[in-house]
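Participant: with the input below, show me the fold.
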Amino acid sequence: KSVRGCVVGPDLATLSLVISKKGDADIPGLTDDQRPRRLGPKRASNIRKLFNLEKKDDVRNFVVRRELSEKKKKAPKIQRLVTPAMLQRK
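Facilitator: Just a heads-up that it's a prediction; the model follows:
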């Protein structure tokens with residue numbers, strides 16, 4: 001094993017690498033296919049940023065849900081969501 005600019009020994013089982021620059025040819029199984037991110041954002045401001053929403057838009061309608069089976073879908077609990085109950089406690 002060898003990595004440019006790193007100390008790599010024969011005793012290491014795995015390496016954690018980040019691709020910083022893509023070359024001319026694709027690496028099969030690594031850079032030749034596009035895989036979507038598994039999970040969407042959980043924080044209300046990040047959901048607004050992803051979908052270009054305004055402050056008055058309801059964030060709960062835009063949460064990224066993932067399918068568990070044919071009938072079930074799962075969505076994260078939105079953090080930092082301003083609700084009437086939260087404003088009452090403030």
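
Participant: isn't R60 right up against P76?
Facilitator: No - between R60 and P76 no contact is recorded; they are 11.1 Å apart, counting by Cβ atoms under 8 Å. For the C-beta atoms, the positions are set from N, CA and C on the backbone; glycine is no exception.

Participant: those two: which is more packed in?
Facilitator: P76 (15 against 12; other Cβ atoms under 10 Å).

Participant: spatially nearest residue to the more buried one (excluding sequence neighbours)?
Facilitator: Spatial nearest neighbour of P76, chain neighbours left out: K42 (4.5 Å); criterion: Cβ to Cβ, 6 or more residues apart in numbering.

Participant: in this structure, what helix or strand scores lowest on average pLDDT?
Facilitator: Least confident helix or strand of the chain, by mean pLDDT, DSSP states H and E, is strand 66-67 with a mean of 90.

Participant: sheet-wise, list the partners of it with their directions.
Facilitator: As defined by DSSP bridges, the strand partners of strand 66-67 come to strand 73-74 (antiparallel).

Participant: that older thread, who touches the least confident helix or strand of the chain?
Facilitator: Strand 66-67 is contacted by residues R38, L39, K73, K74, A75 when judged by Cβ atoms under 8 Å, 6 or more residues apart in numbering.

Participant: who's the third one bridged to?
Facilitator: Here K73 sits in beta bridges with E67, going by DSSP bridges.

Participant: list the contacts for it?
Facilitator: Contacts of K73 (Cβ under 8 Å, 6+ apart): R65, R66, E67.

Participant: closest one of those to V8?
Facilitator: R66 (36.8 Å; Cβ to Cβ).

Participant: what's the neighbour count on that closest one?
Facilitator: By other Cβ under 10 Å, neighbour count at R66 equals 12.
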